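Trainee: Fold the stuff below for me.
(one chain, ligands or ions: 2)
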Amino acid sequence: MASKLSNQEIKKTESLESILNKLRQVVVAKKLKTSKQREDILSIIYNSKVHLSSEGIAAVMKNNNKNCSVSSVYRILQFLETYGFVSSIDVDKSGKKYEIASKEPHYHIICLSCGNIVEFIDTDIKNKQLEIAESLQFQLISDNLRLFVICDKCIKKQKGF
Ligand SMILES: [Zn+2]
Ligand SMILES: [Zn+2]
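Mentor: Ligands and ions are numbered 1, 2, ... in the order given. A predicted model of the protein is given here:
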């Protein structure tokens with residue numbers, strides 16, 4: 001039996017300040033207006049321990065007295081994703097969830113029932129992928145592994161515990 005995999009904390013590879021500086025450079029280069037909301041949303045995603053939906057981000061903004069409609073949040077997220085600051089994961093039922101792009105490569109386990117996401121790193125999987133690519137004399141550039149599950153909490157709920 002494999003040991004139980006807890007939600008590993010995946011390390012960030014860059015500081016928030018450095019990411020915000022890059023965002024400001026893009027904003028200047030694209031001749032866009034500076035937007036505090038854009039920086040606030042990037043900071044929320046950076047500091048969040050969970051993957052957030054656009055609705056979730058709008059709720060955090062509201063809690064911080066920085067009202068921002070879900071549609072504005074969504075527009076900003078599209079911008080941030082286009083320029084590689086955040087990445088999204090498709091969670092079938094609850095739509096897209098976002099995380100900061102500057103994280104160590106990792107995989108996702110997604111509960112199809114509640115949309116909860118668990119992150120993990122597994123060197124065996126990584127090595128197997130390298131082995132497969134190399135056996136074909138290919139160079140592995142990136143990978144994207146998602147496991148779709150019904151999580152333990154949802155199984156218990158289904159059983160009526
Ligand atoms: Zn679940
Ligand atoms: Zn992740």
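
Trainee: Quick one, grab the pLDDT at the spatially most central residue of the chain.
Mentor: Against the mean C-alpha coordinate of the chain, by Cα atoms, centre = their mean, the closest residue is residue 99 at 2.5 Å. For residue 99, the pLDDT comes out at 96.

Trainee: Check residue 130 too.
Mentor: 96.

Trainee: Find the residue closest to it in space, skipping its chain neighbours.
Mentor: residue 140 (5.6 Å; Cβ to Cβ, 6 or more residues apart in numbering). From N, CA and C alone the C-beta is placed, and that goes for glycine too.

Trainee: and what of residue 146?
Mentor: Nearest one to residue 146, counting by Cβ to Cβ, 6+ apart, is residue 108 at 5.1 Å.

Trainee: Please state the mean pLDDT value computed over stretch 139-152.
Mentor: pLDDT averaged over stretch 139-152 gives 93.

Trainee: Which residues belonging to it are considered buried?
Mentor: Judged by neighbour count (16 or more other Cβ atoms under 10 Å), stretch 139-152 contains these buried residues: residue 151.

Trainee: Show me what residue 12 bridges to in the sheet.
Mentor: Using DSSP bridges, the bridge partners assigned to residue 12 are residue 103.

Trainee: Give me the neighbour count for it.
Mentor: For residue 12, the count of nearby residues is 16 (other Cβ atoms under 10 Å).
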